[in-house]
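Novice: Fold the following for me, if possible:
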Amino acid sequence: MRQTWRWFGPVDKVTLRDARQAGVEGIVTALHHVRTGEVWSKEEIAKRQAEVRGTGAAPTGLDWEVVESIPISESIKTQTGDWRAHVENWKHSLRHLHEAGLRTICYNFMPVLDWTRTDLTWEVANGAKAMRFDLPDFAAFDIHVLKRKGAAESFPEAVVEEAARRYTAMPEARQKQIAQNVTAGLPGAMESWSLEELRTQLATYDGISEETLRGHFIDFLSEVVPVAEELGMRLCCHPDDPPFPLLGLPRIMSTEAQYRAVLDAVDSPANGVTLCSGSLGARPDNDLPGMAERMGPKIHFVHLRNVRRDTEETPCSFFEDDHLAGHTDMVALVAALLREEARRRAEGRADAEIPMRPDHGQDILNDSERGSQPGYPAIGRLKGLAELRGVMAALKATAA
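Specialist: Coordinates of the predicted model:
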């Protein structure tokens, strides 16, 4: 697999020099400053490519290889407002990226919130800091802070009772911290929500069921996938994070069956999967090595990280564990992906090598002093990449 590294542009406190020292082969980035729904211009794409490559006097030796992500507007997801214009803009962005030589585009179709955590610096047993989703804390936010109508009906009775106990004892500062964490939005993006804005956004999904949202997604794919296929590009949808319904919103990319529904509905080599082991691993019924085997031909991009679930129920609390710890058998998953690469090489596929990145990482050593994007420390990701690199090397040596 091709080893890549997510970089959030010049504002990123983890530099391209850091990435190069980590030994990565390519960069994953996006135009985070362009508002959702607008076209990514040729000029802005070229500017970001130049930033990644470095100047003539100080080249990085790296290139922009994977786009993560072109955001999809809420208008497209709900099919309201300027959604048709936003779809056309998305297609224009694809064409501009193709002209610049980019071929792999990661995106997601999560409504309102692109990822959700209650804690961004939760302390694990060895003192490292990890991101965590705590179900009772989230329920306390949903029921007692956001005060969403019908929120209590979304959780098991025991969780509702625990949420009430926690909220009663919760300082106002902790209430604000959870609200800020939950509404943080897409990493690196401009958008985030206030509580009132979040309530307004949630209201736009009134009456939109899982089936309706899936239909809207298929409508979107029916428009953009033919363009991507014509250009020889690969679109790969990131799963829901976490992979179960929250805030009364539907989720449509949380299980293998849900992926299969949209892959079959728009059957094209350009319509594919971002296999995120951390997101999908928060459900005990998701078999990651098996999913890699069965969906292998459609996997265009891989995020490798691990989570440890508190219980074997869905939904559940979990935290982001070491890359080789947690509940996903990472060695088995990497082995399945390497077998898929071998199969592609035997077929003569041009995309035989699958780009991967060490997704997230715990803050260790002096990571917390850098002020990097939550979940994207320098040393924590370097540690994860080194572990994954060792697994790949061992598996390849064994197979030789």
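
Novice: Residue 130 looks like it's in a strand, true?
Specialist: Yes: under DSSP: H, G, I helix; E, B strand; the rest coil, residue 130 sits within a strand.

Novice: right, and it touches residue 321 too?
Specialist: Yes: because the distance of 7.2 Å satisfies CB atoms under 8 Å, residue 130 is recorded as touching residue 321. C-beta coordinates here come from the backbone N, C-alpha and C atoms, glycine included.

Novice: dump the residue contacts of the residue nearest to the spatial centre of the chain.
Specialist: The chain has residue 238 as the residue nearest its centroid, 5.4 Å off, counting by CA atoms, centre = their mean. By CB atoms under 8 Å, 6 or more residues apart in numbering, the contact set of residue 238 is 69, 106-108, 253, 274, 276, 279, 303.

Novice: okay, these in JSON lines with neighbour count, pLDDT and secondary structure next?
Specialist: Shown next, in JSON lines, are the contacts of residue 238 (neighbours: other CB atoms under 10 Å; pLDDT from 0 to 100; DSSP: H, G, I helix; E, B strand; the rest coil):
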{"residue": "69", "neighbour count": "22", "pLDDT": "90", "secondary structure": "coil"}
{"residue": "106", "neighbour count": "25", "pLDDT": "98", "secondary structure": "strand"}
{"residue": "107", "neighbour count": "19", "pLDDT": "97", "secondary structure": "strand"}
{"residue": "108", "neighbour count": "22", "pLDDT": "97", "secondary structure": "strand"}
{"residue": "253", "neighbour count": "24", "pLDDT": "98", "secondary structure": "coil"}
{"residue": "274", "neighbour count": "26", "pLDDT": "98", "secondary structure": "strand"}
{"residue": "276", "neighbour count": "24", "pLDDT": "98", "secondary structure": "strand"}
{"residue": "279", "neighbour count": "25", "pLDDT": "98", "secondary structure": "helix"}
{"residue": "303", "neighbour count": "23", "pLDDT": "98", "secondary structure": "strand"}
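
Novice: where does the chain have low pLDDT?
Specialist: For the chain, the stretches flagged by pLDDT under 70 are 185-192.

Novice: can you map out the helices along the chain?
Specialist: Under the criterion DSSP state H, helices of the chain are mapped to 16-21, 42-53, 74-78, 83-99, 135-140, 157-169, 172-182, 195-203, 210-231, 256-265, 277-280, 288-294, 330-347, 378-399.

Novice: and among those helices, the most buried is which?
Specialist: Most buried of the helices of the chain by mean neighbour count (mean count of other CB atoms under 10 Å) is helix 277-280; its value is a mean of 26.

Novice: That one packs against which elements?
Specialist: helix 288-294, strand 299-304, strand 306-309 (3 or more CB pairs under 8 Å, 6 or more residues apart in numbering; DSSP states H and E).

Novice: which stretch among these comes nearest residue 95?
Specialist: Distance to residue 95, taken as CB to CB, is lowest for strand 299-304 among these, at 18.6 Å.

Novice: circling back: so which of the contacts of residue 238 is the closest to residue 229?
Specialist: residue 107 (15.7 Å).

Novice: mind listing what the nearest residue to the closest one once chain neighbours are set aside touches?
Specialist: Once flanking residues are discounted, residue 107 sits nearest to residue 69: 4.6 Å by CB to CB, 6 or more residues apart in numbering. Neighbouring residues of residue 69 by CB under 8 Å, 6+ apart: 30, 105-108, 186, 238.

Novice: What's the separation between residue 340 and residue 180?
Specialist: 39 Å (CB to CB, to the nearest Å).

Novice: what's the answer for residue 329, then?
Specialist: 34 Å.

Novice: about what we covered before: so in terms of bridging, what pairs with the residue nearest to the centre of the chain?
Specialist: When assigned by DSSP bridges, residue 238 has beta-bridge partners residue 108.

Novice: Give me the distance between it and residue 290.
Specialist: 19 Å.

Novice: how long is stretch 355-371 from one end to the other?
Specialist: This stretch, stretch 355-371, spans 27 Å end to end (CA to CA, to the nearest Å).

Novice: Hmm, I typed the wrong one, I wanted stretch 12-19.
Specialist: 11 Å.

Novice: next one: it to chain centre, how far?
Specialist: 20 Å (CA atoms, centre = their mean, to the nearest Å).

Novice: Which one's more surrounded, residue 130 and residue 321?
Specialist: residue 130 (24 against 21; other CB atoms under 10 Å).

Novice: residue contacts, that one?
Specialist: Per CB under 8 Å, 6+ apart, neighbours of residue 130: 121-124, 319-321, 362-363.

Novice: Take the residues you listed and keep only those in strands.
Specialist: Among those, the members found in strands (DSSP state E) are 121-123, 319-321.

Novice: Who wins on neighbours among the residues you listed?
Specialist: residue 320 (28 neighbours).

Novice: Am I right that it is in contact with residue 305?
Specialist: Yes: applying CB under 8 Å as the test, residue 320 and residue 305 come out as touching, 6.3 Å apart.

Novice: Give me the common contacts of these two.
Specialist: Common neighbours of residue 320 and residue 305 (CB under 8 Å, 6+ apart) are 278, 360-361.

Novice: What is the nearest of the residues you listed to residue 313?
Specialist: residue 278 (18.3 Å).

Novice: And the closest one, how close does it get to residue 304?
Specialist: 8 Å.

Novice: Now do the shared contacts for those two.
Specialist: Going by CB under 8 Å, 6+ apart, residues that sit against residue 278 and also against residue 304 are residue 359.

Novice: Tell me which residues are up against stretch 311-318.
Specialist: So stretch 311-318 is in contact with 132-136, 242, 244-246, 282-285, 307-310, going by CB under 8 Å, 6+ apart.

Novice: how distant is that stretch from the center of its chain?
Specialist: 19 Å.

Novice: got the CA coordinates for stretch 257-267 in CSV?
Specialist: The C-alpha coordinates for stretch 257-267 follow below in CSV (Å, rounded to 0.1, in the frame of the first residue of the first chain):
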residue,chain,number,x,y,z
ALA,A,257,-25.0,-4.0,3.4
GLN,A,258,-25.4,-0.2,3.2
TYR,A,259,-22.2,0.1,1.1
ARG,A,260,-23.4,-2.7,-1.1
ALA,A,261,-26.7,-1.0,-1.8
VAL,A,262,-25.1,2.2,-3.2
LEU,A,263,-22.3,0.3,-5.0
ASP,A,264,-24.9,-1.9,-6.8
ALA,A,265,-27.2,1.0,-7.5
VAL,A,266,-24.5,2.9,-9.4
ASP,A,267,-22.2,0.1,-10.6
